[in-house]
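A.B. asks: The following comprises the amino acid sequence and a computationally predicted model.
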Amino acid sequence: MKITPSHLSKKNMHELFMSAILPRPIAFVSTIGEDGIFNLAPFSCFTPVGLKPALVCLQIGWKRDGKKKDTLRNIECEKNFVVNGVDEALAEAMNQTSAEYPSDIDEFKEVGLTAIKSDLVRAPRVAESPVSMECQLVRILEFGEAPTGSHVVIGEVLLFHVKDELWCGEEIDISKWKPIGRLGGDLYCRTRDVFEMKRPTQSF
Ligand SMILES: Cc1cc2nc3c(=O)[nH]c(=O)nc-3n(C[C@H](O)[C@H](O)[C@H](O)COP(=O)(O)O)c2cc1C
């Protein structure tokens, strides 16, 4: 089977990509709008893209009506955001925030999560999240046009917050933090069935 992306509709390209590149981590992104209203939304086209500086990137598509998603509008305006990790306990609330709420709705309140003040950025973080990263906007890249194109947001992580009980010296104990991953369609995975493989040479 050979498939040429330009022959597919946006919907079919989404289904193909999301079932081909997986499992994906979920960035549960908290932002603040110009009006001071907090926003939350999940983004699974998300990955680290640098260590020093510590960089992450998110892909943000367009709303169905061709408008910008609130997360993108807020990041463009405020130049910062927080990436919160999603564990099994947060899965349901994370999913609820992916609904298209009007921009004047505080999605923390809507889904029953606690917004706490960040140390270095104006966007709040999710108190219930095991791991949060306060990010400052570095660049926004724009590809294509609405409603099929997308924006890639690159942020520098200025500060990590990790729940003390998850920290085991140099890293986070994933068996304790229990992150979930996004698969294709409406499927998710847990991270309970892991295996170890030593690299022939360890560079970092
Ligand atoms: C698990 C999950 C992952 C998602 N990943 C993305 C993504 O990578 N990019 C994107 O544009 N939308 C993604 N979405 C959809 C957004 O969360 C959704 O459009 C949301 O309403 C955006 O909210 P906002 O307008 O408050 O920013 C995802 C939804 C879910 C449930």
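C.D. replies: Happy to help now that I have it. Numbers count the residues shown, from 1 in each chain.
A.B. asks: Can you pull the residues of the chain lying near the ligand?
C.D. replies: Residues of the chain found near the ligand (CB under 6 Å from any ligand atom) are 26, 39, 41-45, 59-61, 69-71, 95, 98, 100, 182. The C-beta positions use only the backbone N, C-alpha and C, and glycine is treated the same way.
A.B. asks: among those, which are in helices?
C.D. replies: Judged by DSSP state H, the residues of the chain next to the ligand include Asp70, Thr71, Asn95 as members of helices.
A.B. asks: From those, list the buried ones, please.
C.D. replies: Buried members of those, scored by 16 or more other CB atoms under 10 Å, are Asp70, Thr71.
A.B. asks: what's the closest of the ones in helices among the residues of the chain next to the ligand to Pro5?
C.D. replies: Using CB to CB, Thr71 comes nearest to Pro5 of those, at 24.9 Å.
A.B. asks: what's near enough to touch the closest one?
C.D. replies: Val29, Thr31, Asn39, Ala41, Phe43, Ile60, Phe81 (CB atoms under 8 Å, 6 or more residues apart in numbering).
A.B. asks: Which of the residues you listed fall within strands?
C.D. replies: Val29, Thr31, Asn39, Ala41, Phe43, Ile60, Phe81 (DSSP state E).
A.B. asks: what comes into contact with the helix or strand of the chain with the lowest mean pLDDT?
C.D. replies: Here the helix or strand of the chain ranked lowest by mean pLDDT, DSSP states H and E is helix 174-177, holding a mean of 93. Identification of contacts with helix 174-177 by CB under 8 Å, 6+ apart yields Gly85, Asp87, Pro130, Val131, Lys163, Glu165, Leu166, Thr191, Arg192, Val194.
A.B. asks: Let's have the residues you listed in a markdown table, adding pLDDT, secondary structure and neighbour count.
C.D. replies: Converted to a markdown table, the contacts of helix 174-177 look like this (pLDDT from 0 to 100; DSSP: H, G, I helix; E, B strand; the rest coil; neighbours: other CB atoms under 10 Å):
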| residue | pLDDT | secondary structure | neighbour count |
| --- | --- | --- | --- |
| Gly85 | 98 | coil | 25 |
| Asp87 | 97 | strand | 21 |
| Pro130 | 97 | coil | 22 |
| Val131 | 98 | strand | 20 |
| Lys163 | 97 | coil | 16 |
| Glu165 | 96 | helix | 10 |
| Leu166 | 96 | helix | 18 |
| Thr191 | 95 | coil | 16 |
| Arg192 | 93 | coil | 9 |
| Val194 | 94 | coil | 7 |
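A.B. asks: Return the member of these nearest to Ile3.
C.D. replies: Closest to Ile3, out of all of the contacts of helix 174-177 and judged by CB to CB, is Thr191, at 29.5 Å.
A.B. asks: what's near enough to touch the closest residue in space to that closest one that isn't next to it in sequence?
C.D. replies: Leaving aside its chain neighbours, Thr191 sits nearest to Pro179 (5.5 Å; criterion: CB to CB, 6 or more residues apart in numbering). Contacts for Pro179 (CB under 8 Å, 6+ apart) come out as Pro25, Ile26, Gly85, Val86, Asp87, Pro130, Thr191.
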